[in-house]
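Participant: Predicted model and sequence follow; I will ask about them next.
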Amino acid sequence: MSNALVPLVGIVMGSDSDWPVMEAAAQALDEFEIPYEVDVVSAHRMPREMVAYGERAADRGLKAIIAGAGGAAHLPGMLASVTPLPVIGVPVPLKYLDGMDSLLSIVQMPAGVPVATVSVAGARNAGLLAVRMLAAHDADLLARMKEFQQELNDQATEKGKRLRA
Ligand code: RP5
């Protein structure tokens, strides 16, 4: 899956069973009209393809990778080890351990190999973080991110007004 144009962000996951969590990243990118691609790239079940994906990602024009996995969630870290691009890791919660296994598998990377880990099931923030990375070099996108932040501010202010009324 992709949203047609040349993708700037790769959204990958260990299994299609991760998609119900990961689709929030795609939705965030859609909101900012960022082209992306989506694929299953399992670190354990298809390690060679996973390495090839990471090694080729920058040359294909991707600017960031969002990688989600659950359980022994090695995909974000392994991709970060073979690509120079920023990798955002999404811990996907599975049936047992409430996603703590996924979180700890992703977050505790060795020095030199960074993964920007979001919260358990935090795929929306992963998408928004990718937008911010792209916005650092794109004035229009930066302006839209500021508008988005103002909307959040307005919504929170409105909630306070309703409570005080
Ligand atoms: C992980 O194993 C995947 O990221 C997924 O979260 C989990 C279970 O995969 P399936 O057994 O549902 O394919 O590698």
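Facilitator: Sure thing, it's come through. Source: prediction; values computed, not measured.
Participant: can we go C-alpha only for contacts and neighbour counts from here?
Facilitator: Noted.
Participant: for the ligand, what are the nearby residues on this structure?
Facilitator: Contact residues, the chain versus the ligand (CA under 6 Å from any ligand atom): 13-15, 17-18, 69-71, 92.
Participant: List the buried residues for the biggest helix by length in the chain?
Facilitator: Using DSSP state H, we find that the single longest helix of the chain is helix 139-164. By 16 or more other CA atoms under 10 Å, the buried positions in helix 139-164 come out as 141-142, 145.
Participant: returning to that earlier point: list buried residues within the residues of the chain next to the ligand.
Facilitator: Neighbour counting by 16+ other CA under 10 Å classes 13-15, 18, 69-71, 92 among these as buried.
Participant: got the contact list for Met13?
Facilitator: Contacts for Met13 (CA atoms under 8 Å, 6 or more residues apart in numbering) come out as 19, 22, 39-42, 67-69, 75.
Participant: From Ser42, how far off is it?
Facilitator: Distance, Met13 to Ser42, by CA to CA, to the nearest Å: 7 Å.
Participant: Give me the common contacts of these two.
Facilitator: Common neighbours of Met13 and Ser42 (CA under 8 Å, 6+ apart) are Leu75.
Participant: where does this structure have low pLDDT?
Facilitator: Residue ranges of the chain with pLDDT under 70: 1-4.
Participant: got the residue ranges for the helices in it?
Facilitator: Going by DSSP H, the chain shows helices at 19-31, 47-57, 75-82, 100-107, 123-135, 139-164.
Participant: any chance of those helices in TSV, with distance to Pro7 too?
Facilitator: Formatted as TSV, the helices of the chain follow (distance: least, CA to CA, whole Å):
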stretch	distance to Pro7
helix 19-31	11
helix 47-57	10
helix 75-82	17
helix 100-107	24
helix 123-135	12
helix 139-164	16
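Participant: quick one, which of those is nearest to Thr117?
Facilitator: Nearest to Thr117, of all the helices of the chain, is helix 100-107, at 5.7 Å by CA to CA.
Participant: which residues sit against the closest one?
Facilitator: 69-74, 76-77, 89-93, 115-117, 119-120.
Participant: hmm, 6 Å instead?
Facilitator: Helix 100-107 is touched from outside by 70-71, 73, 91, 117, with contacts defined as CA atoms under 6 Å, 6 or more residues apart in numbering.
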